[in-house]
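J.: Got a predicted structure here, sequence first:
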Amino acid sequence: MDSEERKLKDAEAWFDKGEGTKMAGRYKSFAGQHEEGIELYEKALNCFDKALEINPNYSEALRGKGEVLMFLGKYDESLKCLDKSLEIDPNNAKAWYNKGLVLIMFHKLEESLKYFNEAIRIDPEHIYWWRNKSAVLLDLERFDEAIICLDKVIEKLPNEIEAWRDKGEALVKLNKCEEALNCLNKAIKIDPNDAGLWFWKACALQGLGKNNESMNYFVKAIQIDPNYAKYVAKYIAK
């Protein structure tokens, strides 16, 4: 192995260490151990910087660094890293996807879709990218398009309750209440303890004029999760 190959191997080793440390930080953050998560993110940044000192044109290391900066809320710095990553490798699907996530933080939803679309074009099998695209489409009230994405998710992950719930919501908002009921009833069989499914079932029944029956399901949602009382009050007041 010559010196150049050895340098690239060293850069890859730092990158791999950064990726592992970043994931450990994610697990800590998800577990509510935020200080430990931030400490691990800072260590991951150091690893990515070491990789980039050796190979400044390492697209994946730039993508990893941009991702960690996003987790730390340093969105401007994150965008700079992701842009540079894409400049070096325009087929870096994860960089496209992460830039879409950062743009959401800037409330640039329409623009974020362009980056999700490019990520999915490069790697259409990454199912959670379809999931996050659907969430943006729901926020933009583009419900038909959201349902297409959610169907992709449900096809691959039939027990993904959030996808079923969001599809039910989208169908209700399109006034396709019979379809919404069918969707939500299937989901309730998978998880009868999800308050959101009962809430949107009640909304679908309201849309079909079955107001008395719907109240039973609004009550059911509130029994499972008392926080739904405010959503029920808001929906009924419309």
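T.: Ah, there it is.
J.: Check the average confidence over stretch 36-49, would you?
T.: In this model, stretch 36-49 carries a mean pLDDT of 96.
J.: quick one: secondary structure of residue 49?
T.: Going by DSSP: H, G, I helix; E, B strand; the rest coil, the secondary structure assigned to residue 49 is helix.
J.: I'd say it and residue 65 touch.
T.: Yes: counting by C-beta atoms under 8 Å, residue 49 does reach residue 65; the two are 7.1 Å apart. Any C-beta I mention is one placed from the backbone N, CA and C, and that applies to glycine too.
J.: These two: who's more crowded?
T.: Of the pair residue 49 and residue 65, residue 65 is the one with more neighbours under other C-beta atoms under 10 Å, namely 28 against 13.
J.: any idea of the pLDDT on that one?
T.: pLDDT for residue 65: 98.
J.: can you check residue 2 too?
T.: Residue 2 is assigned 69 on the pLDDT scale.
J.: Would you mind pulling the contact partners of stretch 210-227?
T.: Stretch 210-227 is contacted by residues 193-196, 198-199, 201-203, 205-206, 228-229, 231-232, 236 when judged by C-beta atoms under 8 Å, 6 or more residues apart in numbering.
J.: Pull out the buried residues from those residues.
T.: Among the contacts of stretch 210-227, the ones that count as buried by 16 or more other C-beta atoms under 10 Å are 194-196, 198-199, 201-203, 205-206, 228, 231-232.
J.: Spatially, which two of these are the most separated?
T.: Checked with C-beta to C-beta, those reach their widest spread between 194 and 206, with 18.8 Å between them.
J.: ok, the contacts of stretch 210-227 vs residue 133, which is closest?
T.: Of all those, residue 133 sits closest to residue 196, with 19.9 Å by C-beta to C-beta.
J.: how much space between that closest one and residue 182?
T.: Taking C-beta to C-beta, to the nearest Å as the criterion, residue 196 is separated from residue 182 by 17 Å.
J.: what's the answer for residue 125, then?
T.: In this structure, residue 125 lies at 28 Å from residue 182, with C-beta to C-beta as the measure.
J.: So for the two, which residue has more residues nearby?
T.: The residue with more neighbours, out of residue 125 and residue 182, is residue 182; 14 against 8, by other C-beta under 10 Å.
J.: Off-centre distance for the helix or strand containing that one?
T.: With secondary structure defined by DSSP states H and E, residue 182 is part of helix 177-190. Relative to the mean C-alpha coordinate of its chain, helix 177-190 is positioned 23 Å out (C-alpha atoms, centre = their mean, to the nearest Å).
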